[in-house]
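Novice: Structure for this input, please:
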Amino acid sequence: MTRTAVIILNRNLPEPTDALAERFLRLDGDAAEVFVVEAGSDPARLSRHCTWHVHTPEAVEKGLRVCRGFNHGLARLHEAGRFACFDHFFLVTNDSVFEPVPVIRDLADEMEKHPRLGILSPCSRTWGEYRLLAKQPTRYFWHVHNTAYFLRREFVESIMNPGDDMGFLYDGGNFRGYLAEIELIAKGYANDWATAITRRVTVEENESYLKEHSTDIRTESFEENLRLYVEEGRAWMRRKYGFTSRWQMQMYVRLWYDKFFDFHPEYLQYRI
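Specialist: Residues are numbered from 1 along each chain as shown. You can find the predicted model right below:
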């Protein structure tokens, strides 16, 4: 059976993090191992399942956010020589909500059916993609925005930067993660790895954690964080790519998406 490393991010919200970790251990424990990254959490608010507690002054003050948080977990597994123990990595924020059924086996099964898939995203029932996937449960996309990503190890190995916590997989310089998933998808298609959404597994985002517990998380309010996410992210995008709009970044990814099917016409049936 394939093995999956589930990496969950926490910052001062141990209750939902523990519930999520225990949900995976209870329902998917035969196929997965769970790791929790504590992103500058207070010692009294650590998850019972804490694996790594990052408590540098910067992390305590600002947290790690998605890019640096998942980079840290992946880098520690690689540093420990455990990378090859896993076939997949499931990167999950602690505001992700899954149905009370096993999900890892279904995600791994879809990966096996699609050998050039590098990234697989569960679908939300509120997305338009959920209706689009009614007749064909898994299709390839060039844009995804989610709280949970299922990654093939070989894909990660093809683009990772060992020894670089800031840039192991994501660009940690993009602190709030503006279009981070789009950049990762582009890197995938540029290296012959596709991205797909599947409705075989569903996930929802519980936004109440950011809206109602920003004081506990020690972050800005939901509205202020959203403003900084766009403002700081657009500045990052312009510095790195020279793009001045989200549309330009999406067209860049779309270019690689189209080229993938030129090289792999056998997958045209999954194109949107």
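Novice: Tell me the secondary structure at the nearest residue to Leu107 once chain neighbours are set aside.
Specialist: Leaving aside its sequence neighbours, Leu107 sits nearest to Phe150 (CB to CB, 6 or more residues apart in numbering; 4.6 Å). In this view, the C-beta of every residue, glycine as well, is placed from N, C-alpha and C. Recorded secondary structure, Phe150: strand (DSSP: H, G, I helix; E, B strand; the rest coil).
Novice: Any idea how many residues pack against Phe150?
Specialist: Counted with other CB atoms under 10 Å, residues neighbouring Phe150 total 28.
Novice: Return stretch 95-103 as PDB; C-alpha atoms alone will do.
Specialist: Only the C-alpha atoms of stretch 95-103 are listed here, as PDB (Å, rounded to 0.1, in the frame of the first residue of the first chain):
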ATOM      1  CA  ASP A  95      -9.100  25.000   8.700                       C
ATOM      2  CA  SER A  96      -9.800  22.100   6.300                       C
ATOM      3  CA  VAL A  97     -12.900  20.100   6.900                       C
ATOM      4  CA  PHE A  98     -13.300  16.600   5.400                       C
ATOM      5  CA  GLU A  99     -16.200  14.200   5.500                       C
ATOM      6  CA  PRO A 100     -15.900  11.500   8.200                       C
ATOM      7  CA  VAL A 101     -14.800   8.800   5.700                       C
ATOM      8  CA  PRO A 102     -11.300   7.700   4.500                       C
ATOM      9  CA  VAL A 103      -9.800  10.000   1.900                       C
END
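Novice: which stretches of the stretch 101-250 of the chain form helices?
Specialist: Applying DSSP state H, counting those that start in this stretch to the stretch 101-250 of the chain gives helices spanning 104-113, 128-132, 153-159, 180-190, 208-212, 214-217, 222-241, 246-263.
Novice: Any chance of those in JSON lines with mean pLDDT and mean neighbour count as columns?
Specialist: Shown next, in JSON lines, are those (pLDDT from 0 to 100; neighbours: other CB atoms under 10 Å):
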{"stretch": "helix 104-113", "mean pLDDT": "97", "mean neighbour count": "18"}
{"stretch": "helix 128-132", "mean pLDDT": "95", "mean neighbour count": "13"}
{"stretch": "helix 153-159", "mean pLDDT": "98", "mean neighbour count": "17"}
{"stretch": "helix 180-190", "mean pLDDT": "97", "mean neighbour count": "22"}
{"stretch": "helix 208-212", "mean pLDDT": "67", "mean neighbour count": "14"}
{"stretch": "helix 214-217", "mean pLDDT": "69", "mean neighbour count": "14"}
{"stretch": "helix 222-241", "mean pLDDT": "94", "mean neighbour count": "15"}
{"stretch": "helix 246-263", "mean pLDDT": "97", "mean neighbour count": "16"}
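Novice: Rebuild the ones you listed as CSV, extending it with distance to Asp171.
Specialist: Below are the helices of the stretch 101-250 of the chain laid out as CSV (distance: least, CB to CB, whole Å):
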stretch, distance to Asp171
helix 104-113, 25
helix 128-132, 26
helix 153-159, 11
helix 180-190, 7
helix 208-212, 22
helix 214-217, 22
helix 222-241, 7
helix 246-263, 13
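Novice: of all those helices, which lies closest to Arg200?
Specialist: Set against Arg200 and scored by CB to CB, those come closest in helix 104-113, at 4.7 Å.
Novice: tell me the angle that closest one makes with strand 148-152.
Specialist: Interaxial angle, helix 104-113 versus strand 148-152 (axes from the mean of the first three to the mean of the last three CA atoms, to 10 degrees): 50 degrees.
Novice: Helix 104-113 packs against which elements?
Specialist: strand 4-10, helix 14-28, strand 88-93, strand 117-123, strand 148-152, strand 194-205 (3 or more CB pairs under 8 Å, 6 or more residues apart in numbering; DSSP states H and E).
Novice: how about the ones you listed, which one is nearest Ser158?
Specialist: strand 117-123 (7.8 Å).
Novice: That closest one pairs with which strands?
Specialist: Using DSSP bridges, the strands paired with strand 117-123 are strand 148-152 (antiparallel), strand 194-205 (parallel).
Novice: Now it - C-alpha only, PDB.
Specialist: This file holds the C-alpha atoms of strand 117-123, laid out as PDB (Å, rounded to 0.1, in the frame of the first residue of the first chain):
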ATOM      1  CA  LEU A 117      -0.300  14.000 -12.000                       C
ATOM      2  CA  GLY A 118       2.000  15.900  -9.700                       C
ATOM      3  CA  ILE A 119      -0.800  17.800  -7.800                       C
ATOM      4  CA  LEU A 120      -4.200  16.600  -6.900                       C
ATOM      5  CA  SER A 121      -6.800  18.800  -5.200                       C
ATOM      6  CA  PRO A 122     -10.000  17.600  -3.500                       C
ATOM      7  CA  CYS A 123     -13.000  19.600  -4.600                       C
END
